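Student: give me a 3D structure for the following:
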Amino acid sequence: MGRLVLALMVVACTLPISTVVNYVVPDPYMDEIFHVPQAQRYCKGDFNTWDPMITTLPGLYYASLAYIAPLFPGMQWTGKARSFQEACSTAILRSVNISLAIICALLFYDIVIELRPETNARSATRQAFVLSLYPLHWFFTFLFYTDVGSTTAVMAMYLACIKRSYWLSALLGSLAIIFRQTNIVWVAFVACMGVLDYLDKFSRKTNLLTKADTLVESEIDTSVLNKRFVHAQLKNRRNVNSDKIANNAVSEEKLHQSRDSEWSGVLGEFQFLAYRIWCEKWGILTNFFPFLLVAFAFIAFVIHNGSIVVGAKEAHPVSPHFAQILYFGLASAVAMAPVHFNLSKVAVLCQSFREERTKFLVLFLAALISALVSVQFFSLAHPYLLADNRHYPFYIWRKVIQAHWKNSSKSLDNYIFLCHCRGCSTSPLN
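Tutor: Below you'll find the predicted structure:
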C-alpha cells in the first residue's frame, strides 16, 4: 500500500507541472536541443548518426525507445501518432523522465525499508517522497535530460547491493554508466559499501560461532567427558569453512585487543580494515568480481575512446576539481538545513569539542587547509559555465564566487560544520 500511495503522490505532483512546462515551453529547451533530435533519430531507426556535442552514452535514448514502444499502438489507434517517429515528440520524450521519477521514488522507498527495517510504511512513504522532491532531481524531471535516468539506475544498483545481489548490482551499474559515464564513481562507491557490509556480516558470523563454541564447552560436564572428547565433538561439528572462520575470529579478537594500544586513530582504522580485507580476499574477490568486470570494461572504453566523454572532448578534459566537493556540501546543506543546522547539532558540536579538544582541532585544521587548497588551486570554471548565460550558475559564478576570492572561502566554515554534523548524526544501519 505504501508504494502505491507514494506513486500516486508523485504522479499527482508531476503531471500538473509537466502540463504547464509543455504549454509554456513546447519546443526543446537548453540542452534538449541536442537530446531531443538525437532521440528522434533513434525513433527513425537511425543509430549511426551522432551529434558531436552530446557527451553521454545513449542510455537515455534506448530507455526512450523502450518506453514509447508499448505506448505507440494506443497512440496510433487514437490518432495521436501515425508513425513511430511522430510518437517521439518533445512532450512524450519528456514524459520518459516522469516515469523514471516514479520508479526512482519507489527505489527510495525500498532503500529506506532495507536500511531501517523498523520504519513503518507511512514514515517510509514520507521519506521517499521528500527525497523525490530534492531540487536538482525534481527540476530535471520535467525535461529530457539524463539526470533522472542516471539517478534511477544508481539507486537501483545501490538497492541490489544492500540486498547482496552483487551480479545484479554490477549489471545495473553498467546501465548507470550508459546513462552517464561519471557514474563509474558511484559504482566504485557502492562496491566499497558492499565490501564493508560483507566484512561486517562475516564478523557477526564469527562472533556467533565463537559464542556457540563457548556455550557448548561450558555445558559439557568435563568431569565425565575428558577434554579430548570435547574437542573431538567440536571438530566433527565444524566443517572446513567453519575452521577458517574460527581461525579468523581468533585473529580478529587479537587485533581488537591490540587495536586501541597500537592502531589508534584514522591510520589505525585503515590498517585494521586492510587486514580484514586481506584475510577475506578470496571471498571478496568471488562476490565482487562483477564490479571488477565493470571497472575493466570502463577502462577499456576510455582507452579506446580517448576520453571519458563521447562528444565535445576538447571542452571536457579530465581535470582535478576538488572544489566541486565543497559545492556539493553547500547544495546538500541548503536542502537539508532543517536537519543539520539546529540547536541540537550545535550542542553536539560543543560537547565533542570539550571532550576531544585536541582531536577536534587537528581534524578541523586539516579540513580547513584541504578546503582552502581546493578553492585556491583546484577551483575550475567549465567553458560552458562562462559562455552560457541561460543557467543560474553562470550568474552565481560571476556575481558571487568570482566577484572576490574571499567569497569562495566564506562557505568553508559551513561546509566543515555540515560534515561534522553529519558525522554526529550518522549511526550504523544494520
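
Student: mind listing what's buried in the helix or strand Leu365 falls within?
Tutor: Secondary structure from DSSP states H and E places Leu365 in helix 357-377. Of the residues in helix 357-377, 363, 371, 374-375 count as buried by neighbour count, 16 or more other C-beta atoms under 10 Å. Every C-beta, even on glycine, is put in place using the N, C-alpha and C of the backbone.

Student: now swap in stretch 66-84 and tell me
Tutor: 67-68, 72, 75, 81, 84.

Student: need these in CSV (columns: pLDDT).
Tutor: Listed next are these as CSV, based on pLDDT from 0 to 100:
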residue, pLDDT
Tyr67, 90
Ile68, 89
Phe72, 82
Met75, 82
Ala81, 76
Phe84, 83
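
Student: between those, which is nearest Asn183?
Tutor: Tyr67 (20.0 Å; C-beta to C-beta).

Student: so the closest one touches Val96, yeah?
Tutor: Yes - counting by C-beta atoms under 8 Å, Tyr67 does reach Val96; the two are 4.9 Å apart.

Student: run through the stretch 151-300 of the chain and note the low-pLDDT ranges.
Tutor: 202-268 (pLDDT under 70).

Student: what segments of it are helices?
Tutor: 166-179, 184-219, 227-237, 240-262, 265-279, 281-305 (DSSP state H, counting those that start in this stretch).

Student: ditto for the stretch 301-430 of the chain
Tutor: Under DSSP H, counting those that start in this stretch, the stretch 301-430 of the chain gives helices at 323-335, 337-340, 343-355, 357-377, 383-387, 392-396, 405-409, 412-425.

Student: could you report the neighbour count for Ile102?
Tutor: 20 (other C-beta atoms under 10 Å).

Student: contacts only, for it.
Tutor: Residues counted as contacts of Ile102 (C-beta atoms under 8 Å, 6 or more residues apart in numbering) are 7, 10-11, 14.

Student: mind doing that once more with 10 Å?
Tutor: 6-11, 14, 132, 141, 152 (C-beta atoms under 10 Å, 6 or more residues apart in numbering).

Student: mind checking the SS state of Met30?
Tutor: Put simply, Met30 is coil when judged by DSSP: H, G, I helix; E, B strand; the rest coil.

Student: give me phi/psi at the nearest residue to it once chain neighbours are set aside?
Tutor: What sits nearest to Met30 in space, not counting adjacent residues and going by C-beta to C-beta, 6 or more residues apart in numbering, is Arg390, at 5.8 Å. Dihedral angles of Arg390 (phi, psi; degrees, to the nearest 10) stand at phi -90, psi -10.

Student: what is the neighbour count of Lys399?
Tutor: Neighbours around Lys399, by other C-beta under 10 Å: 10.

Student: ok, so what distance separates it from Pro393?
Tutor: Using C-beta to C-beta, to the nearest Å, Lys399 is found at 11 Å from Pro393.

Student: ok, and the closest non-adjacent residue to the residue nearest the centre of the chain?
Tutor: For the chain, the residue nearest the mean C-alpha position is Trp186 (5.2 Å; C-alpha atoms, centre = their mean). Leaving aside its chain neighbours, Trp186 sits nearest to Val154 (4.9 Å; criterion: C-beta to C-beta, 6+ apart).

Student: Ala105 now?
Tutor: Closest to Ala105 by C-beta to C-beta, 6+ apart is Ser132, at 4.3 Å.

Student: then Ala7?
Tutor: In space, Ala7 is closest to Ile102, 5.4 Å off (C-beta to C-beta, 6+ apart).

Student: again with Pro317
Tutor: Ser307 (7.8 Å).

Student: got the contact list for that neighbour?
Tutor: Counted by C-beta under 10 Å, 6+ apart, Ser307 has contacts 55, 181, 301, 313-314, 316-318.

Student: Ser332: which of those is nearest?
Tutor: Gln181 (22.9 Å).

Student: okay, buried residues for stretch 28-47 please.
Tutor: Buried-residue list, stretch 28-47, by 16+ other C-beta under 10 Å: 28-29, 31-32, 34-36, 38-43.

Student: please enumerate the helices of the stretch 1-150 of the chain.
Tutor: Under DSSP H, counting those that start in this stretch, the stretch 1-150 of the chain gives helices at 2-24, 32-43, 59-68, 72-77, 84-87, 90-115, 121-132, 135-139, 147-162.

Student: deepest of those, which one?
Tutor: Mean neighbours per residue, mean count of other C-beta atoms under 10 Å, is largest over the helices of the stretch 1-150 of the chain for helix 147-162, with a mean of 24.

Student: just how off-centre is that helix within its chain?
Tutor: A distance of 7 Å separates the centroid of the chain from that of helix 147-162, by C-alpha atoms, centre = their mean, to the nearest Å.

Student: stretch 336-350 too?
Tutor: 24 Å.

Student: one step back: for the residue nearest to Ala7, give its distance to Val148.
Tutor: 10 Å.

Student: with Ser83 instead?
Tutor: Taking C-beta to C-beta, one finds Ser83 at 27 Å from Val148.

Student: likewise Trp186?
Tutor: Trp186 is 15 Å from Val148, by C-beta to C-beta.

Student: for Thr49, grab phi and psi.
Tutor: Dihedral angles (degrees, to the nearest 10) for Thr49: phi -90, psi 130.

Student: show me the contacts for it.
Tutor: 37-38, 41-42.

Student: not counting sequence-adjacent ones, nearest residue to Ile284?
Tutor: Nearest non-adjacent residue to Ile284 (C-beta to C-beta, 6+ apart): Val195, at 5.9 Å.

Student: apologies, that question was intended for Ser89.
Tutor: Ala81 (7.8 Å).

Student: so Val310 makes contact with Pro52?
Tutor: Yes - applying C-beta atoms under 10 Å as the test, Val310 and Pro52 come out as touching, 8.7 Å apart.

Student: when those two are compared, which one has more neighbours?
Tutor: Val310 (19 against 10).

Student: quick check, pLDDT for that one.
Tutor: On pLDDT, Val310 comes in at 84.

Student: which residues touch the closest residue to it other than its chain neighbours?
Tutor: Closest residue to Val310 apart from its sequence neighbours, by C-beta to C-beta, 6+ apart: Thr55 at 5.8 Å. Residues in contact with Thr55 (C-beta under 10 Å, 6+ apart) are 31, 34, 146, 180-182, 307-313, 315-316.
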